[in-house]
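Undergrad: have a look; sequence and predicted model below, questions after that.
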Amino acid sequence: MIKQKNADKQQNFFADVYEVVKLIPKGRVTSYGAIAHYLGAKSGARMVGWAMHGCPKNVPAHRVVNSQGLLTGKVHFNPPSAMGAKLKKEGVRVAKDKVQLFAEIFWDPSKEL
DNA sequence: AATCTGACGGGCA
DNA sequence: GTGCCCGCCAGAT
């Protein structure tokens, strides 16, 4: 996986990302940018997405969507439809890989945490 | 060693 | 209002 040489820096970022994601209340969602911003890397949304690439099972990555509330990363799930299904099961209204009422169920770490 | 891509975001044309 | 481009960090080819 990650180069241990740079792992130090990433580990902190990853740990924070995972921590925040795991703290997302049930029925709520957040965006990559929000997490990135919370971590200080306001433009490092990509990095957050990449971090999710290795999301442990204990990390509800399905609650993390892009700024549009779109389940862009659902394709990385197993199966991809599981993402929307889980969200829906948690009370999140999802339609066509899109989170409904995103603004209402949006959970901002830097604001809520 | 160099270049492109990537589960994104925000700004500018 | 829509579309395109640039910037962030790291990895993979």
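TA: Sure thing, it's come through.
Undergrad: from A:Trp107, how far out is the residue in chain A that DNA strand B sits nearest to?
TA: DNA strand B sits closest to A:Gly73 of chain A, with a gap of 2.0 Å, by Cβ to the nearest atom of the strand. All C-beta atoms are positioned from the backbone trio N, CA, C, and that covers glycine. Separation of A:Gly73 from A:Trp107 (Cβ to Cβ, to the nearest Å): 17 Å.
Undergrad: so what's A:Met83 up against?
TA: By Cβ atoms under 8 Å, 6 or more residues apart in numbering, the contact set of A:Met83 is A:61-62, A:71, A:73-74, A:77, A:97.
Undergrad: for stretch A:64-83, buried residues please.
TA: Within stretch A:64-83, the residues that count as buried by 16 or more other Cβ atoms under 10 Å are A:64-66, A:69, A:71-74, A:77, A:83.
Undergrad: now, the most widely separated pair of those residues?
TA: Farthest-apart pair in these is A:Gly69 and A:Phe77; separation 16.6 Å (Cβ to Cβ).
Undergrad: which one of the buried residues of stretch A:64-83 is nearest DNA strand C?
TA: A:Asn66 (11.5 Å).
Undergrad: give me the phi and psi for the residue lying closest to the closest one once chain neighbours are set aside.
TA: Nearest residue to A:Asn66 in three dimensions, chain neighbours excluded: A:Thr72, at 4.8 Å (Cβ to Cβ, 6 or more residues apart in numbering). Dihedral pair for A:Thr72: phi -60, psi -30, per degrees, to the nearest 10.
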